[in-house]
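Undergrad: When you get a sec, could you give me coordinates for this:
(one chain, ligands or ions: 1)
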Amino acid sequence: MMSDVLIVGGGFAGVWSAAAAARLRGDDDLRITLVAPHEDLVLRPRLHKLDPAWARVPLKRILEPIGVTHVRAEVTGLDVGGSTVTAGGDTIGYDRLVLAAGSRLVRAGLPGARHLFDIDSADGVARLNGHLGDRTGLTVVVIGSGFTGLEIATELAGRGRVVLLERADVVAPELGPGPRPVIAAALAELGVEVRLGVSVRSVTEQGVVLADGESVPADAVVWTAGMRAHSLTEQIAAERDGLGRLRVDRHLRVSGGVFAAGDVAAAMADASNHVVQSCQFATPMGKAAGHNAAADLLGLPLVDFTPDPYVTCLDLGAAGAVFTTGWDRAVALTGQDAKDLKQTILEVIHPPLDDAEEILRQAGQQSNEVTG
Ligand SMILES: Cc1cc2nc3c(=O)[nH]c(=O)nc-3n(C[C@H](O)[C@H](O)[C@H](O)COP(=O)(O)OP(=O)(O)OC[C@H]3O[C@@H](n4cnc5c(N)ncnc54)[C@H](O)[C@@H]3O)c2cc1C
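TA: Sure thing, here's the model as predicted:
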């Protein structure tokens, strides 16, 4: 009898869920459908390079070869009791659901927030690119010195003056003390002006006004602070963490027939740490969730989510990069060596195209193969 695996989201987690489910499919026992509003998988880790085309991967060239149907629509409703979702005005039933709708930058509730730019999506990057054009000598204010803020600030440093605003009293507060000296040295080398312990009161077309009333003129203001799981998670009656992510078990099951993967899921990465929102975890989570959703229907064994050990690789523009290992983020590589690794990662995250055998082969292994 035909059963339905339905996947919501066409990012790393959704696409690899679909591929892992397809890997288990027999001749006519499983129908796999992926619902996502866009034609492309967006490789968000490439977005700081400000080349939206390089970040887009046609979903068709991954899903068609492996027999997964793409319904191009936005899911607006989840009815877990009735095992249906609402998308584009239609109701779609499922036997197993994988929620993989990703994350979004939390838009600041700031006066003038409409003047903010972001690099959260390919559309956001296209808008920023359109605004900056090929002008040089610009002043850009970047708000937030987390992973994304650092990557865009260092990327833009060659094009003019960059002012990096951070509310905490240290740079890169969430990355911890391990890589901080390397990051601080890179910012100094590139001439990025770092302002610590400042918060923004409002944004205008001319720049930002800080909480103490000081104006910082800018040609563009890029907001990078605060990622949150998609609000569809709120439609599932289950425990969520501070980022809005659904708690899942080691099989990435939320409850009953619902699994979650990627930036919407607060899985354990090891005995003591939850995953961070990253493609590094979204990819193996997708593979495990898709496998388990299908296996659950087919009466096959479920797999535990067992990601590679945690690493980070932060691009620092012309100053190279920094690669860290472990949850204390011990620096393992810097400069050009780390930059070369970053480039490899940016290549390796691109899924294979038009090659069912290779897509299904990669879907069968949880290791990211780049650092594992
Ligand atoms: C600028 C930037 C740089 C980054 N750099 C790195 C990095 O260097 N390393 C790293 O590991 N991670 C990095 N990340 C984080 C990484 O990109 C995310 O963790 C990863 O994309 C999460 O994958 P996902 O599939 O869970 O979600 P997403 O990539 O967010 O994909 C979500 C998918 O769901 C779809 N969707 C959304 N809403 C709906 C809906 N209502 N109905 C149907 N579909 C929907 C979207 O269209 C999309 O296809 C970066 C992120 C950004 C923004």
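Undergrad: Spell out which parts of the stretch 151-300 of the chain neighbour the ligand.
TA: Residues of the stretch 151-300 of the chain that fall close to the ligand, judged by Cβ under 6 Å from any ligand atom: His230, Leu232, Gly262, Asp263, Gln277, Ser278, Cys279, Gln280, Ala282. Using the backbone N, CA and C atoms, a C-beta is placed for each residue, glycine as well.
Undergrad: show me where the stretch 251-372 of the chain has helices.
TA: Listed in chain order, the helices of the stretch 251-372 of the chain (DSSP state H, counting those that start in this stretch) span 279-298, 335-348, 356-363.
Undergrad: Would you tell me which one of the ones you listed is buried the most?
TA: Highest mean neighbour count of the helices of the stretch 251-372 of the chain: helix 279-298, a mean of 27 (counted as mean count of other Cβ atoms under 10 Å).
Undergrad: follow-up on the earlier one: for the residues of the stretch 151-300 of the chain next to the ligand, which one is nearest Ala211?
TA: For those, the minimum distance to Ala211 (Cβ to Cβ) is 27.6 Å, reached by Gln277.
Undergrad: For that closest one, grab the count of nearby residues.
TA: 20 (other Cβ atoms under 10 Å).
Undergrad: Any stretches of the protein with poor pLDDT?
TA: Counting by pLDDT under 70, the chain has low-confidence residues at 108, 370-372.
Undergrad: and Ala19, which of the helices of the stretch 251-372 of the chain is closest to it?
TA: Ala19 lies closest to helix 356-363 among the helices of the stretch 251-372 of the chain, at 3.6 Å (Cβ to Cβ).
Undergrad: Contacts made by the closest one with the rest, please.
TA: If you take Cβ atoms under 8 Å, 6 or more residues apart in numbering as the criterion, helix 356-363 is touched by 16, 19-20, 22-23, 62, 65-66, 287, 290-291, 351-352, 369.
Undergrad: Compute the inter-axis angle for it and helix 279-298.
TA: Orientation check (axes from the mean of the first three to the mean of the last three Cα atoms, to 10 degrees): helix 356-363 against helix 279-298 gives 100 degrees.
Undergrad: So what's the gap between helix 356-363 and the chain middle?
TA: Its chain's average C-alpha position is 22 Å from that of helix 356-363, according to Cα atoms, centre = their mean, to the nearest Å.
Undergrad: C-alpha coordinates for that helix, PDB please?
TA: Extracted C-alpha coordinates of helix 356-363, given in PDB (Å, rounded to 0.1, in the frame of the first residue of the first chain):
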ATOM      1  CA  ALA A 356      20.500   9.800  -8.700                       C
ATOM      2  CA  GLU A 357      23.200   7.300  -7.700                       C
ATOM      3  CA  GLU A 358      25.500   9.900  -6.200                       C
ATOM      4  CA  ILE A 359      22.600  11.800  -4.400                       C
ATOM      5  CA  LEU A 360      21.400   8.500  -2.900                       C
ATOM      6  CA  ARG A 361      24.900   7.400  -1.900                       C
ATOM      7  CA  GLN A 362      25.500  10.700  -0.100                       C
ATOM      8  CA  ALA A 363      22.100  10.500   1.600                       C
END
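Undergrad: that older thread, in TSV: the helices of the stretch 251-372 of the chain, plus distance to Val98.
TA: What follows is the helices of the stretch 251-372 of the chain, written out as TSV (distance: least, Cβ to Cβ, whole Å):
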stretch	distance to Val98
helix 279-298	5
helix 335-348	23
helix 356-363	13
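Undergrad: and Ala55, which of the ones you listed is closest to it?
TA: Closest among those, using Cβ to Cβ: helix 335-348, at 9.6 Å.
Undergrad: Hmm, Gln280 is touching Val311, no?
TA: Yes: if you go by Cβ atoms under 8 Å, Gln280 and Val311 touch, sitting 7.2 Å apart.
Undergrad: Show me the chain divided up by domain.
TA: Annotated domains of the chain cover 3-104+227-308, 108-223 [automatic domain parsing].
Undergrad: who are the neighbours in contact with Val203?
TA: Residues in contact with Val203, defined by Cβ under 8 Å, 6+ apart, are Ala108, Leu110, Pro111, Gly112, Ala113, His115, Leu116, Val209, Val221.
Undergrad: ok, now how distant is Gly146 from Glu174?
TA: To Glu174, Gly146 is 5 Å away according to Cβ to Cβ, to the nearest Å.
Undergrad: Looking at these two now, which is surrounded by more residues?
TA: More neighbours surround Gly146 than the other of Gly146 and Glu174, with 19 against 11 (other Cβ under 10 Å).
Undergrad: Quick check: closest non-adjacent residue to Asp355.
TA: Pro65 (6.7 Å; Cβ to Cβ, 6 or more residues apart in numbering).
Undergrad: Sticking with Thr154, tell me its helix or strand.
TA: helix 147-156 (DSSP states H and E).
Undergrad: So which bits of that helix are buried?
TA: Buried residues in helix 147-156, defined by neighbour count with 16 or more other Cβ atoms under 10 Å: Phe147, Thr148, Gly149, Leu150, Glu151, Ile152, Ala153, Thr154, Glu155, Leu156.
Undergrad: what's that helix packed up against?
TA: strand 138-143, strand 160-166, helix 180-190, strand 311-315 (3 or more Cβ pairs under 8 Å, 6 or more residues apart in numbering; DSSP states H and E).
Undergrad: Same list, the ones you listed, but as a markdown table with distance to Leu297 and mean neighbour count please.
TA: Shown next, in a markdown table, are those (distance: least, Cβ to Cβ, whole Å; neighbours: other Cβ atoms under 10 Å):
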| stretch | distance to Leu297 | mean neighbour count |
| --- | --- | --- |
| strand 138-143 | 45 | 23 |
| strand 160-166 | 48 | 22 |
| helix 180-190 | 46 | 18 |
| strand 311-315 | 34 | 22 |
